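In: Here is the input, now give the coordinates:
(one chain, ligands or ions: 1)
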Amino acid sequence: MNNTKMEDLVSLTKRRGFIYPGSDVYGGLSGTWDYGPLGVVLKRKIMQMWWSHFVEQREDMFGVDAAILMNQKVWQASGHVDTFVDPLCEDTINKRRYRTDHLLKDNGVNPDGMTMSQMDEAILSNGIKSPDGNPLSKSRTFNMMFTTHVGATHDEESISYLRPETAQGIFTNYRNVVDNFYPDLPFGIAQQGKAFRNEISPRDFIFRSREFEQMEIEYFVHPEHWQEAFDELLNATHQFLESLGLPKDYIHELDVPETDRAHYSKKTIDIEFDFPIGREELMGIAYRTDFDLSNIQRVSGKSMDYTIKGTNEKFVPHVIEPSFGVERLVMAVLASSYREDQVNGEQRIFLALPENLAPNRFAVSPLLKNKPELVTKAREVYSLLKQKYGNVVWDDNGNIGKRYRRQDEVGTPSCVVIDFDTLSDDTVTVRDRDTTEQKRVSIAELVA
Ligand code: ATP
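Out: All right, here's what the predicted structure looks like:
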């Protein structure tokens, strides 16, 4: 169980420069968020760790970075134009719109596996009203893709979409990668990048946004060997989540029942996480059969066949797709590192971020900022640490207690303080974020 309160997390991330509401100065834009100086570092570290784990450290992965705008045929062939929809109902008085499945869930009715008309029946039979207490309309489908036009003419031909997932940019490059690199099966193609969904009701901080970032892999396999690839990628996923320091007991596998899976998916496991908003989907891993490549083959007329080397065996490979949302990982990391305790009788908030994710590895300060000899020495130590670690910050604002509190709140694992003893014996005080213990350490040892 995660006891962190959402409002505490939103407040800390705003006041300490992690995450700001998008377009805040103009009153905001619902479902958009901006990363501040510390948030961007945390997010990039998570993305870099993913890339290292799933691409760089493996022999069977290729990376791509495809364009966000794609030919509209991509989304026709993938089924998104027709079926990437959510059920929407309307408050019949004030015309506010809601996702029907969310209203059911909020009122204690599980919508999993229900058709749209079953959801409407459940709304009626449970007497569910809009959050403003008004009757609700019947549901209709709402396509979540953002539409735009490419070029100077606005007609059917010029329609394009902001991609709702990164996966299609991988599938459309499958042929290129096979022709250029002749990989043996199984192999994967990975991509990180922005995705856009016009969510009916974006909510729960960055959990459900309209613009977010995904990290996806399409792993191509022989149809007979999908299960072992699925198991291996699920295992690699758990290892990755562990490397982010996420508590094991917050992570749960949900074997998605057939009624809730896409029709082409033979197996889907959602990894759920105990967020402050409850247990919700963190990421998913799905066996998508040959659905996507076969659609591309049918619509483009180009062969997506793979030929096993040295044989005549040809087939459209099947696919296992691990799909991660960066925002949900950022939220999981922040929520599980948020702590409150008492230090010297005073309330303290800190982020127990693992060293490899903390935006600042060290903060360096002179004990007194009006003593030039301390400042000069502290600058020397700061430069040495900065050269070695990069993410080292200079902090001489306010008294030392205030600096510790500030660095605690942004999760800096160690604060280094240069005092008068440093001038004579080249040792510094290193104060630990989690225990608040202070140790005397030689500069040589610190930068070794
Ligand atoms: P949900 O059921 O929560 O809407 P989904 O099943 O539609 O999610 P997928 O299409 O499987 O999500 O997308 C893969 C991943 O992308 C999700 O597991 C999640 O981490 C992330 N994701 C999807 N939609 C959003 C969103 N609106 N905001 C932030 N992350 C998202």
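
In: Now do the contacts for the residue most central in space within the chain.
Out: In the chain, the residue lying closest to the centroid (CA atoms, centre = their mean) is Val326, at 1.3 Å. Contact analysis of Val326 by CB atoms under 8 Å, 6 or more residues apart in numbering lists Lys43, Ile46, Met47, Gln192, Phe212, Glu213, Gln214, Met215. C-beta coordinates here come from the backbone N, C-alpha and C atoms, glycine included.

In: So for it, what pLDDT did the model give?
Out: Val326 is assigned a predicted lDDT (pLDDT) of 98.

In: measure it to the ligand for me?
Out: In this structure, Val326 and the ligand are 8 Å apart, going by CB to the nearest ligand atom, to the nearest Å.

In: Spatially nearest residue to Val416, not counting backbone neighbours?
Out: Among residues not flanking Val416 along the chain, Val364 sits closest, at 4.8 Å (CB to CB, 6 or more residues apart in numbering).

In: State the next helix or strand along the chain beyond the helix or strand that neighbour falls within.
Out: Here Val364, judged by DSSP states H and E, is contained in strand 362-366. Using DSSP H and E, the helix or strand that follows strand 362-366 towards the C-terminus is helix 372-389.

In: Just the residues contacting the strand holding Val364, thanks.
Out: Contacts to strand 362-366, defined as CB under 8 Å, 6+ apart, come from residues 374-375, 377-378, 381-382, 385, 389, 392-396, 400, 403, 407, 412-418.

In: list the contacts for the residue of the chain found nearest the ligand?
Out: The ligand sits closest to Gly325 of the chain, with a gap of 2.2 Å, by CB to the nearest ligand atom. The contact partners of Gly325, by CB under 8 Å, 6+ apart, come to Phe212, Glu213, Gln214, Leu282, Met283.

In: can you pull out the strands in the stretch 201-350 of the chain?
Out: 211-221, 251-255, 267-275, 278-287, 306-307, 314-315, 318-325, 338-343, 346-351 (DSSP state E, counting those that start in this stretch).

In: Now Asp255: closest residue in space that isn't a chain neighbour?
Out: Spatial nearest neighbour of Asp255, chain neighbours left out: Ile269 (5.7 Å); criterion: CB to CB, 6+ apart.

In: Confirm for me that the one you found is in contact with Leu254.
Out: Yes: using CB atoms under 8 Å, Ile269 is in contact with Leu254, at 6.7 Å.

In: follow-up on the earlier one: can you put the strands of the stretch 201-350 of the chain in JSON lines and add distance to Val64?
Out: Output for the strands of the stretch 201-350 of the chain, formatted as JSON lines (distance: least, CB to CB, whole Å):
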{"stretch": "strand 211-221", "distance to Val64": "10"}
{"stretch": "strand 251-255", "distance to Val64": "28"}
{"stretch": "strand 267-275", "distance to Val64": "24"}
{"stretch": "strand 278-287", "distance to Val64": "19"}
{"stretch": "strand 306-307", "distance to Val64": "17"}
{"stretch": "strand 314-315", "distance to Val64": "23"}
{"stretch": "strand 318-325", "distance to Val64": "14"}
{"stretch": "strand 338-343", "distance to Val64": "35"}
{"stretch": "strand 346-351", "distance to Val64": "34"}
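
In: Which among the ones you listed is found nearest to Lys73?
Out: Proximity to Lys73 (CB to CB) singles out strand 211-221 among the strands of the stretch 201-350 of the chain, at 18.5 Å.

In: Bridged to the residue nearest to Val416, which residues?
Out: Residues in a beta bridge with Val364, per DSSP bridges, are Trp394, Val416.

In: How much space separates it from Val428?
Out: Separation of Val364 from Val428 (CB to CB, to the nearest Å) stands at 9 Å.

In: tell me, what's touching those two both at once?
Out: Taking CB under 8 Å, 6+ apart as the criterion, Val364 and Val428 both touch Val381, Val416, Ile418.
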